[in-house]
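Colleague: output the structure for:
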Amino acid sequence: MKLFRRDSATGKKRRTLGLVMSAGLLLPMGAIAAGTLAVAPASASVTHDAAGGSTYHAVQPYRLADTRPNSGFANSQGQTLTAGRVFNIGVAPSGIAPNNVPHGATAVVVNITAINPSDAGYLTAYAAGQTVPLASTVNFIAGQTVANEAVITLGNTGDPHYGEISIYNFTGSTDVAVDVEGYYTPDTSGSFYVPAVNFNAATLSTAVSPTRVLDTRPGSGQQGAGETLGPQQTLSFYPGTTTFVPGVLTPIVPSSATAVVLNVTATNPTDTSFLTVWSAGGAQPLASNLNFLAGQTVPNRVIVPLNPVTKQVSIYNSLGNTDVVVDVDGYYTPLYGTEYYGLVTPTRIADTRPGSGLPYSGQTLGQGTIKTINVPPDTFGPNTGYNAPANFLGVDANLTITDTTDLSYLTAYPSTAGSTPPLASDLNWVAGQTVASGDQISGVGVSTPSTAIDAYNFAGSADLVVDIYGYFAGGVAVPPPV
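Modeller: Take a look at the predicted model:
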């Protein structure tokens, strides 16, 4: 790879897609109708105590469930989700070697794909046995196959020794595929220290993540410029682990990192296809991270382990040609106890739509505006039984854009990063589209200079919905056990 100059942020993602959406159906605006929900059993609970936080284990992604007929997955084959249905999936232990999520895990990182839905709607993923929360995980229109990654607390529906997640489908029918990318275990448990790791924000001098580390578009000035992916082609690259970032002399992801948090965007595709991201050097897994149509620009968060020797990750494209843009949001290192993951039930903290009845109601984002969203500390008593940690340093959020009027993109970053948005994007859309993407944002919290997220909208107007899935909190660094 060569070292290139930085490209201008204004030249990004100019493809259009003729999708027409009924946005009012795609996102819960208030309490979900009780008649559509499964009743939580009295014995339901979160499977394992995570009050002290959790640490993360990255795995090569693998498919856990697929509801399509003849999918070959006995736990889910033929179980298409109909309107109002709640689908429970056993995760820990999953029994799938060699990446089995163990008994004792507190949360799982999953990529959830809605496949060929019959209507415009959404999916909500949450801890099994709990009430369906006011949140959404995947948003779609009829016929659209779309994916989103999320960190979901593990619960149960009566058996305290089995970790499960639930997926709720709002309306119509849709098939669902679930791929596992990693899991969290209790911070204090000596059984899972290796390779448990903790989240850190990727930094560039005094600037805070995200940072662009790959852009295959010709003339991008970034690593990979001009290396558009063809059909069944794989590209391996350094996600900030070398000096292949314009103007950066030292790596933004250290050599000790074991996994990275990426925002991966497919743009300019010529065919319906998907991307798979995994640790370079290993066999390509049966999993997908992004699904898209010809001409569509689609982003998604991906948490992926690094090759322990080369520190690279690989991206595979199935059909046609597509460009790929990658921003690094953070990384995991074996610094035990420095930051852990605190679990909460997905909780809505912002909804700018008029009449939402939630914070920031009626504060639609205009063109070129930056909306500051305050993250409330330690205010929720969620169904998991654990509040947000009082000393949180970052958040795990799901960002959803709706009621869009123009081709545009959103960049989310800590308010401490300054008034100029970084060269990165979290969501991309066309007029009338509703899209969602997970995001891990460090440098936001009561133990940092700011407790707020800044969200920048490039063009047109759009409403923003923010759901919090978890918090990163500080602790005392301790060495791993011998």
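
Colleague: looking at the protein, which helix or strand is least sure?
Modeller: Using mean pLDDT, DSSP states H and E, strand 207-208 stands out as the lowest-scoring helix or strand of the chain, at a mean of 34.

Colleague: after that strand comes which helix or strand?
Modeller: Where DSSP states H and E defines the elements, the next helix or strand beyond strand 207-208 is strand 211-215.

Colleague: can you give me the buried ones in the helix or strand just after that following strand?
Modeller: Helices and strands here follow DSSP H and E; after strand 211-215, the next one along the chain is strand 233-237. With burial defined by 16 or more other C-beta atoms under 10 Å, the residues of strand 233-237 counted as buried are 235, 237. Quick note: C-beta positions are derived from backbone N, CA and C, even for glycine.

Colleague: determine the number of other residues adjacent to Val101.
Modeller: Counted with other C-beta atoms under 10 Å, the burial measure for Val101 works out to 27 neighbours.

Colleague: can you pull the contacts of it?
Modeller: 91-94, 108, 163, 180, 183 (C-beta atoms under 8 Å, 6 or more residues apart in numbering).

Colleague: direction included, what does the helix or strand where Tyr184 lies pair up with?
Modeller: When secondary structure is defined by DSSP H and E, Tyr184 falls within strand 175-186. Partner strands for strand 175-186, per DSSP bridges, with pairing direction: strand 54-66 (antiparallel), strand 107-115 (antiparallel).

Colleague: return the most buried member of those.
Modeller: Most buried of those by mean neighbour count (mean count of other C-beta atoms under 10 Å) is strand 107-115; its value is a mean of 26.

Colleague: for that strand, output the C-alpha coordinates as CSV.
Modeller: Only the C-alpha atoms of strand 107-115 are listed here, as CSV (Å, rounded to 0.1, in the frame of the first residue of the first chain):
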residue,chain,number,x,y,z
ALA,A,107,-23.8,-10.2,26.2
VAL,A,108,-23.3,-11.1,22.6
VAL,A,109,-22.3,-9.1,19.5
VAL,A,110,-24.5,-10.1,16.6
ASN,A,111,-25.2,-9.0,13.1
ILE,A,112,-28.9,-9.3,12.4
THR,A,113,-30.1,-9.4,8.8
ALA,A,114,-33.8,-9.0,7.8
ILE,A,115,-34.3,-11.0,4.6
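
Colleague: mean confidence for the following helix or strand past that strand?
Modeller: Using DSSP H and E, the next helix or strand after strand 107-115 towards the C-terminus is strand 121-127. Confidence for strand 121-127, expressed as mean pLDDT, is 92.

Colleague: I'd like the average pLDDT over the helix or strand following strand 121-127.
Modeller: Helices and strands here follow DSSP H and E; after strand 121-127, the next one along the chain is strand 138-140. When pLDDT is averaged along strand 138-140, the result is 92.

Colleague: pLDDT below threshold where in the stretch 101-250 of the chain?
Modeller: For the stretch 101-250 of the chain, the stretches with pLDDT under 70 are 160-161, 187-209, 245-249.

Colleague: so Pro334 touches Ala257, yeah?
Modeller: No - between Pro334 and Ala257 there is no contact under C-beta atoms under 8 Å: 9.1 Å.

Colleague: these two: who's more crowded?
Modeller: When Pro334 and Ala257 are compared on other C-beta under 10 Å, the one with more neighbours turns out to be Ala257, at 23 against 17.

Colleague: contacts only, for the more buried one.
Modeller: Taking C-beta under 8 Å, 6+ apart as the criterion, Ala257 is in contact with 241, 306, 311, 331-333.

Colleague: list only those of the contacts of Val101 flagged as buried.
Modeller: Applying 16+ other C-beta under 10 Å to the contacts of Val101, the neighbour count classes 91-92, 94, 108, 163, 180, 183 as buried.

Colleague: tabulate the residues you listed (JSON lines), appending distance to Tyr62.
Modeller: Formatted as JSON lines, the buried ones among the contacts of Val101 follow (distance: C-beta to C-beta, whole Å):
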{"residue": "Val91", "distance to Tyr62": "12"}
{"residue": "Ala92", "distance to Tyr62": "14"}
{"residue": "Ser94", "distance to Tyr62": "9"}
{"residue": "Val108", "distance to Tyr62": "12"}
{"residue": "Gly163", "distance to Tyr62": "16"}
{"residue": "Val180", "distance to Tyr62": "6"}
{"residue": "Tyr183", "distance to Tyr62": "12"}
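
Colleague: tell me which stretches of the stretch 351-482 of the chain form helices.
Modeller: In the stretch 351-482 of the chain, no segments count as helices under DSSP state H, counting those that start in this stretch.

Colleague: for it, which segments count as strands?
Modeller: Across the stretch 351-482 of the chain, reading from the start of the chain, the strands by DSSP state E, counting those that start in this stretch fall at 370-374, 392-402, 408-414, 427-429, 435-442, 452-457, 463-474.

Colleague: nearest to Val264, of the strands paired with strand 175-186?
Modeller: Distances from Val264 to each of the strands paired with strand 175-186 were compared by C-beta to C-beta, and the smallest falls on strand 107-115, at 10.9 Å.

Colleague: now do the closest one and strand 435-442, the angle between them.
Modeller: Taking axes from the mean of the first three to the mean of the last three C-alpha atoms, to 10 degrees, strand 107-115 and strand 435-442 form an angle of 160 degrees between their directions.

Colleague: could you give the bridge partners of the closest residue to Pro421 other than its chain neighbours?
Modeller: Spatial nearest neighbour of Pro421, chain neighbours left out: Tyr456 (4.1 Å); criterion: C-beta to C-beta, 6 or more residues apart in numbering. Under DSSP bridges, the beta-bridge partners of Tyr456 are Ile370, Thr411.

Colleague: all good on my end, thank you.
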